[in-house]
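Enquirer: Starting from these lines, generate the structure:
(one chain, ligands or ions: 1)
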Amino acid sequence: MGWGKVVSDWAEILIMEDKMKIGILRRCVILLAVFFVSLTSLVNVAKADSSEPIVIPTHNWSSQVVMAYVIGGIFESMGNNVEYVPADTQAVYEAIRNGDVTISHEVWQSTFGKSFYTAMAKGGIIDAGTHEAMTLEEVGVPQWVIDQDLCPGLPNWEALKNCKDVFATADSGGKGRILEGPQSWHGQEYPDRVEALLGDDWVVKFAGSADALWAELASAKKEGRGTITFNWTPNFTDADGFAFIEWPPYYPGCRKQDGGDSKCGSPKGWLKKAANYKFPKTHPAAYTAFSQMSFNAGQIGSMAKLVDIEGLSHQDAAKKWLADNEAVWKPFTKAGM
Ligand code: TMO
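Expert: Coordinates of the predicted model:
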């Protein structure tokens, strides 16, 4: 509704009043009432979202991919167009900054905080709010390794000094092995740390995929063999229990890549959302909903579980999650209405 329509409505009312021979005082009252009604409707006019697709990145761990389709499904329920692109987990922040990708919905502090804020400092990417879930990304052992006391003193890191044989594997040359995630996540961080704190008795190997981590956890359990892998929470592994190694505490700058000696673990961190700076302007309704979105640890764990335990495809997992959780996500779309 624009001013043109308001003025023509008023003109029509004046003509009607003339025909009905209504007195001057009544005319004033009617006009005033109409004026306020028009004003309210003008104020309430929302700008429609662009039909240009909202570009959502997909990465290489399950909750992130399922949540991509969950959020895409929420946008579609609001009438928006959505596109999914596989994206590198570190380079994606530069892609959001320059507009090739619209959002990131799982910015994990420990792994991606630096890339996120580096892109922000250059201009073009905004902080779109924080999920309820707190996070930890760290190497550790399944809880049963602690319960069976395979390496007394765990999860304190210093226990590893006496346990290299427990965690040696066929390809580790007699050293204790730590199975890191894909190298694209943390680069040299774990080799730097392990060398700085444990020296030459330990070796870091990189898994090709998150699935390779879950396969290792499953076979180690079957064989009753100790294993140390990278993992994170929230994740589907929260249900069985996973004990993260307690390294010396993190502080900003402690990593070698940040100028430190790498004698520190990961921070207990936040989980944020990011967006291209134009998204609130091009898609105000979708952005308003996105800014409201917040998932807790149980919700994120359940998105991963649908794929990694129940074997659904990411798309089917998202459909099921949306169908089962309308009471969680529908309110995100109602802000500002
Ligand atoms: C970013 N990640 C959840 C794999 O640690």
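
Enquirer: quick one: which helix or strand includes the residue of the stretch 201-337 of the chain found nearest the ligand?
Expert: For the stretch 201-337 of the chain and the ligand, the shortest gap (Cβ to the nearest ligand atom) falls at Trp232, measuring 4.1 Å. C-beta: built from backbone N, CA, C; applies to glycine. Counting by DSSP states H and E, the element that carries Trp232 is strand 229-233.

Enquirer: Which elements pack onto that strand?
Expert: Under the contact criterion of 3 or more Cβ pairs under 8 Å, 6 or more residues apart in numbering; DSSP states H and E, strand 229-233 touches strand 136-142, strand 176-180, helix 210-223, strand 242-244.

Enquirer: and the residue nearest in space to the middle of the chain, what is it in contact with?
Expert: The residue lying closest to the centre of the chain (Cα atoms, centre = their mean) is Glu106, at 1.5 Å. Contacts for Glu106 (Cβ atoms under 8 Å, 6 or more residues apart in numbering) come out as His59, Ser63, Gln64, Met67, Leu271.

Enquirer: Inside strands: which ones of these?
Expert: Leu271 (DSSP state E).

Enquirer: Separate out the buried members of the contacts of Glu106.
Expert: Among the contacts of Glu106, the ones that count as buried by 16 or more other Cβ atoms under 10 Å are His59, Ser63, Gln64, Met67, Leu271.

Enquirer: Grab the two from the residues you listed that are most spread out in space.
Expert: The span of those, defined through Cβ to Cβ, is set by His59 and Leu271 at 13.5 Å.

Enquirer: Any chance of the helices and strands packed on strand 229-233 in CSV with mean pLDDT and distance to Val328 as columns?
Expert: Putting the helices and strands packed on strand 229-233 into CSV (pLDDT from 0 to 100; distance: least, Cβ to Cβ, whole Å) gives the following:
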stretch, mean pLDDT, distance to Val328
strand 136-142, 98, 23
strand 176-180, 98, 33
helix 210-223, 98, 25
strand 242-244, 98, 25
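
Enquirer: May I see those organised as a markdown table, with mean neighbour count and distance to the ligand added?
Expert: Output for the helices and strands packed on strand 229-233, formatted as a markdown table (neighbours: other Cβ atoms under 10 Å; distance: least, Cβ to the nearest ligand atom, whole Å):
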| stretch | mean neighbour count | distance to the ligand |
| --- | --- | --- |
| strand 136-142 | 23 | 4 |
| strand 176-180 | 22 | 11 |
| helix 210-223 | 16 | 7 |
| strand 242-244 | 20 | 12 |
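
Enquirer: just to revisit the earlier point, the helix or strand the residue nearest to the centre of the chain falls within vs strand 136-142, what angle?
Expert: Per DSSP H and E: Glu106 is located in strand 103-108. If you take axes from the mean of the first three to the mean of the last three Cα atoms, to 10 degrees, strand 103-108 sits at 50 degrees to strand 136-142.

Enquirer: Just give me the neighbour total for Val107.
Expert: If you count neighbours by other Cβ atoms under 10 Å, Val107 ends up with 27.

Enquirer: mind listing what the residue nearest to it when sequence neighbours are not counted touches?
Expert: Among residues not flanking Val107 along the chain, Lys272 sits closest, at 4.1 Å (Cβ to Cβ, 6 or more residues apart in numbering). Contact analysis of Lys272 by Cβ under 8 Å, 6+ apart lists Val107, Gln109, Phe116, Asp127, Ala128, Gly129, Thr130, His131.

Enquirer: quick one: Thr130 and His105, what's the gap?
Expert: According to Cβ to Cβ, to the nearest Å, Thr130 stands 12 Å off from His105.

Enquirer: Between these two, point out the one with more neighbours.
Expert: His105 (23 against 14).

Enquirer: For the closest residue in space to Ile56 that isn't next to it in sequence, give me the pLDDT.
Expert: Counting by Cβ to Cβ, 6+ apart, Ile56 lies nearest to Ala68, which is 4.9 Å off, once chain neighbours are set aside. pLDDT for Ala68: 99.

Enquirer: same deal with Gly336?
Expert: Looking at Gly336, its pLDDT reads 73.

Enquirer: Next up, the contacts around Pro191.
Expert: Val204 are the contacts of Pro191 under Cβ under 8 Å, 6+ apart.

Enquirer: That one - that's part of a strand, no?
Expert: No - read with DSSP: H, G, I helix; E, B strand; the rest coil, Pro191 is helix and lies in no strand.
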